[in-house]
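> Predicted coordinates and the sequence they were generated for:
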Amino acid sequence: MHYKNLLSALLLSLFTASLAAAGDFVGSETCTGCHAEQHTLWTGSDHDLAMQEATAETVLGDFDDATFSYNGITSRFFRSGDKFMVRTDGEDGKLQDFEVAYVFGHYPLQQYLLPLSRGRLQALSIAWDSRPAAEGGQRWYHLYPDETIDASDPLHWTGPYQNWNTRCAECHSTDLQKNYDLASRSFTTRYEEIDVACEACHGPGRKHLALAAQDALAGVADGGFAVHLKQRGEWHFPEDGAIAQRTAPLESRAQVDACGRCHSRRGTLGDYHYGADLLDTHRLALPVPPLYYVDGQVLDEDYVYGSFAQSKMHQAGVVCSNCHEPHSGQLRAPGNAVCAQCHKPAVYDTPEHHFHAAGSTGAECANCHMPETTYMGVDPRRDHSLRVPRPDLSLVLGVPNACNQCHLDRDPDWALAALRDKGVVFRDTARHPARAFAQLAAGDGRALPVLASIAMDSSAAPIWRASAMEALGEVGGREAMQSMSQLLYSDDSIIRASTVRSIQFLNLQQQLQLLTPLLEDPVLTVRMDIASNLAAVPLEQLPAEQGQKLRKLFTEYESVLKKDADMPSNLMQLGVFYASRGQAKEAENMYRAALELNPQMIGAYLNLADLERARGQDDAARLLLLDALAITPDNGSVLHSLGLLETRAGDRAAALDYLGRAAALETTGMRHRFVYAIALHDLGEPRKAIAELEKLLKQFPGNAQLIQVLAAYSEEIGDSERARRYQQMSGVR
């Protein structure tokens, strides 16, 4: 018995050592023996088939000498022995042969990864529609059918936005190590498993496996894994209640954050840490325009998280695995039965509730509460904000509603009347939160108190409170100050990060004072935003300890962005950071590097022009802006910058022309039109200035700045009656 125990201990020691030598990831095949049911569910799932080597079994597209024409280029798909080949336009725009290295996805479309130099894998923009022919599938099609994209466009398949290493790999493989080198602009990307396997979600399994080998899993937190995913919980129907409730509150966002790593509109921040707050490894997009409609409905490709985080379900403690079996990815039950887990069918799955005949498409819960939007040409995805259809908001805000997304031959007036006939009356149309966001976007400051109340509403979804706080920060003033003072140190990382971003209206000294307690915040998104806000702080003027903390933060900021410096947006961020730090040459290098990757990046032209102007090189700045204007002739920001440049140069005619064109293009906000009016005044045309300002005032009634300027200009031209009227409007006596 003694020797048997020694032998077991020795074998366990050797087993654990071999795992350690191989790294913390052990591979999905290792999980199969104990978790056969889960492995069977996962096999053949979207996660399992996320990425595969190109073989006769995995390639779904027609490579039997098929052709597809787009933008004057005819691409050919053919076989060369066992290889699958594509003849298409390469980086230089000329036809070349490329071997398909991997297939990407399987249904309803499949893309193909082609290798280029410097370790790059690129996703071909011609995809295979893998739906049945009866549904319009079994064909080659282009992902940008309404655009004319050639090799000079950054959206071309050879460009940075179709790069697998950065844009796709993290969410289609397990334990991705991108390994980008900024100096050589090359990748040495590696992964543990080619697809989304067990450890992609659960994290590295070495410790769990070692504990299992010792029969020592009992009592070990999370089975030795770094992340706790089993959060489905227990639910019950309260007495006389039609909606189930959790028996115990959800203790964390761990599961939703784990799914949100890939199922969200986000950017990566350095290395991923299992079990960490999602904002510690990613920067999340908020549910606001232009990615979402003003009421939070999906508009661009938003990947679920930002929608679900708005929902009442999320606030009630629902997690992804309540509706989806996590290993297969399929719904827990077919059709309305998945909703019936928590919503009693006798109350909700009835014509009295959904106003449609039983068994019709209108009687399906998801069609009313989770309408579909089709992305990538053939891929319908449901909005996970789980909202009620609001044709009233369609009328006042122009947002879609589920009624008219089905009844395409009807308008929102019809939908609203139909609901009223059924006794449904919306009493919050005028005070709906989306109205306040829309008002502020239009420059109407009367929305500020409403937005402040949303930001401070502890019963509201945190992601909406964060959105409101950032909206307040764009304006500044009393409401922003009062909300900021209470939310800056919030326990919720989403709210805290947005509040940090919102205080940029304050001067640098005020920001430094407020943000110093957060310099070592545990969440990276918060620290990154602080570094961006405080970039202009002169470190040599700070006390030693404070200066050391901020210097460490700046170093981290640079390091994180450089890991993803293959993306033009990150290079732009670095450029802005260096410019704020007074490192003009480094800023210029980053802006020019961004333009190498994306020659159409207008922000880089604008920032380079600002650098040149600051150096006193107005001619160089003008050339940069004219280059930008050649790319986008109707870009208001470029025209506005040219107008300001010519104003400083004393070319009155050119200045007014550029500023006037920028003003004419502006439909939301008022900055360009306001500046144009000021320029008219300053360049000797005060009456025209007043006329422009009065047009603005009709769109932005009550705007204090407009009223004050109108009062001053009216007084200046001797129109005392008009001046007095505007003075009364502004409260001046």
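Yep, that arrived. Residues are numbered from 1 along each chain as shown.
> Let me see the domain layout of this protein.
51-167, 235-390 (automatic domain parsing).
> Assumed Gln96 was part of a helix.
No - according to DSSP: H, G, I helix; E, B strand; the rest coil, the state of Gln96 is strand, so it is not within a helix.
> Quick check: which element contains Phe84?
According to DSSP states H and E, Phe84 maps onto strand 83-89.
> buried set for that strand?
Phe84, Met85, Val86, Arg87, Thr88, Asp89 (16 or more other Cβ atoms under 10 Å). Backbone N, C-alpha and C define where each C-beta goes, glycine included.
> what's the spacing between the third one and Leu710?
In this view, Val86 and Leu710 are 62 Å apart by Cβ to Cβ, to the nearest Å.
> Check the last one too.
According to Cβ to Cβ, Asp89 and Leu710 sit 56 Å apart.
> ditto for the first one
Relative to Leu710, Phe84 is positioned 68 Å away (criterion: Cβ to Cβ).
> now the domains of the chain in TSV, with distance to Ala679?
TSV is the format used below for these (distance: least, Cβ to Cβ, whole Å):
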stretch	distance to Ala679
domain 51-167	34
domain 235-390	28
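> circling back: which of the buried residues of strand 83-89 sit farthest apart?
Spanning the widest gap among the buried residues of strand 83-89 are Phe84 and Asp89, at 18.0 Å by Cβ to Cβ.
> tell me the contacts of Glu558?
Leu574, Phe577 (Cβ atoms under 8 Å, 6 or more residues apart in numbering).
> tell me the secondary structure for the closest residue in space to Leu639 that isn't next to it in sequence?
Sequence neighbours aside, Ala662 is the residue nearest to Leu639 in space, at 3.9 Å (criterion: Cβ to Cβ, 6 or more residues apart in numbering). When classified by three-state DSSP, Ala662 comes out as helix.
> Go ahead and confirm Ala662 touches Tyr676.
Yes - with contact defined as Cβ atoms under 8 Å, Ala662 reaches Tyr676; the gap is 6.9 Å.
> what is in contact with those two at once?
Gly643.
> if we can go back for a sec, which elements pack onto the strand holding Phe84?
strand 73-80, strand 95-99, strand 109-115 (3 or more Cβ pairs under 8 Å, 6 or more residues apart in numbering; DSSP states H and E).
> Tell me which stretches of the stretch 351-500 of the chain form strands.
Along the stretch 351-500 of the chain, the segments classed as strands by DSSP state E, counting those that start in this stretch run 372-375, 379-382.
> go on, the stretch 151-300 of the chain?
Going by DSSP E, counting those that start in this stretch, the stretch 151-300 of the chain shows strands at 180-181, 186-187, 235-236, 245-246, 266-268, 282-284.
> where's Arg253 relative to Gly61, distance?
39 Å.
> Just confirm Cys168 contacts Ala123, I think it does.
Yes - with contact defined as Cβ under 8 Å, Cys168 reaches Ala123; the gap is 6.3 Å.
> Can you work out which residues contact both of these two?
Phe104.
> Would you convert the strands of the stretch 351-500 of the chain into a markdown table that also reports mean neighbour count, distance to Leu534 and mean pLDDT?
Output for the strands of the stretch 351-500 of the chain, formatted as a markdown table (neighbours: other Cβ atoms under 10 Å; distance: least, Cβ to Cβ, whole Å; pLDDT from 0 to 100):
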| stretch | mean neighbour count | distance to Leu534 | mean pLDDT |
| --- | --- | --- | --- |
| strand 372-375 | 14 | 38 | 97 |
| strand 379-382 | 15 | 39 | 97 |
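> returning to what we had before: pick the most deeply packed of the strands of the stretch 151-300 of the chain.
strand 282-284 (a mean of 21; mean count of other Cβ atoms under 10 Å).
> Number of residues surrounding Ala337?
When counting by other Cβ atoms under 10 Å, one arrives at 13 neighbours for Ala337.
> cool, and Leu209?
Leu209, neighbours per other Cβ under 10 Å, totals 18.
> same deal with the one 4 residues further on?
Other residues near Ala213 come to 15 when the count uses other Cβ under 10 Å.
> For it, give its distance to Leu291.
For Ala213, the distance to Leu291 - Cβ to Cβ - is 47 Å.
> so who does Val523 touch?
Asp277, Leu279, Asp280, Ser493, Arg496, Ala497.
> what's the answer for Leu95, then?
Taking Cβ under 8 Å, 6+ apart as the test, what Leu95 contacts is Ile73, Arg87, Thr88, Asp89.
> Need the per-residue pLDDT for the last one.
Asp89 is assigned a predicted lDDT (pLDDT) of 98.
> pretty sure it contacts Gly72?
No - look at Asp89 against Gly72 with Cβ under 8 Å: they stay out of range, at 9.3 Å.
> thinking again about what came up before, off-centre distance for the strand holding Phe84?
33 Å (Cα atoms, centre = their mean, to the nearest Å).
> Can you lay out the contacts of Leu95 as TSV showing distance to Leu561?
What follows is these, written out as TSV (distance: Cβ to Cβ, whole Å):
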residue	distance to Leu561
Ile73	35
Arg87	38
Thr88	33
Asp89	32
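> roughly how far apart are the residue nearest to Ala704 when sequence neighbours are not counted and Ala723?
Counting by Cβ to Cβ, 6+ apart, Ala704 lies nearest to Ser730, which is 6.3 Å off, once chain neighbours are set aside. According to Cβ to Cβ, Ser730 and Ala723 sit 11 Å apart.
> list residues touching both of these two?
Ala711.
> before we move on, the earlier item: go through the strands of the stretch 351-500 of the chain and name the closest to Ala579.
Among those, strand 372-375 comes nearest to Ala579, with 35.7 Å by Cβ to Cβ.
> So what does Arg431 look like in phi/psi?
Dihedral pair for Arg431: phi -110, psi 10, per degrees, to the nearest 10.
> To clarify, my last question referred to Tyr102.
Dihedral angles (degrees, to the nearest 10) for Tyr102: phi -140, psi 160.
> which residues does the nearest residue to it once chain neighbours are set aside bridge with?
In space, and not counting its chain neighbours, Tyr102 is closest to Leu113: 4.2 Å by Cβ to Cβ, 6+ apart. Taking DSSP bridges as the rule, Leu113 bridges to Tyr102, Ala123.
> pretty sure Leu113 contacts Phe98?
No - contact between Leu113 and Phe98 fails when scored by Cβ under 8 Å: they sit 9.9 Å apart.
> Please work out which of the helices and strands packed on strand 83-89 is packed deepest.
strand 109-115 (a mean of 21).
> Run through who's touching it.
With Cβ under 8 Å, 6+ apart as the test, strand 109-115 has contacts from 51, 54, 59-61, 84, 86, 98-105, 121-124, 127-130, 157, 164, 376-379.
> can you check stretch 258-266 too?
170-171, 196, 201, 227, 229, 272, 274, 278, 281-285, 291, 300-306, 320.
> Just the buried subset of the residues you listed, please.
Neighbour-count burial (16+ other Cβ under 10 Å) applied to the contacts of stretch 258-266 gives 170-171, 196, 201, 227, 229, 272, 274, 278, 281-285, 302-306, 320.
> List the ones among the residues you listed that fall in helices.
Mapping these onto helices (DSSP state H) picks out Cys201, Tyr305, Gly306, Cys320.
> farthest pair in those residues?
Pairwise distances among these were taken by Cβ to Cβ; the largest, 19.8 Å, belongs to Cys201 and Gly306.
> So for Ala9, what's the pLDDT?
pLDDT, read off for Ala9, is 41.
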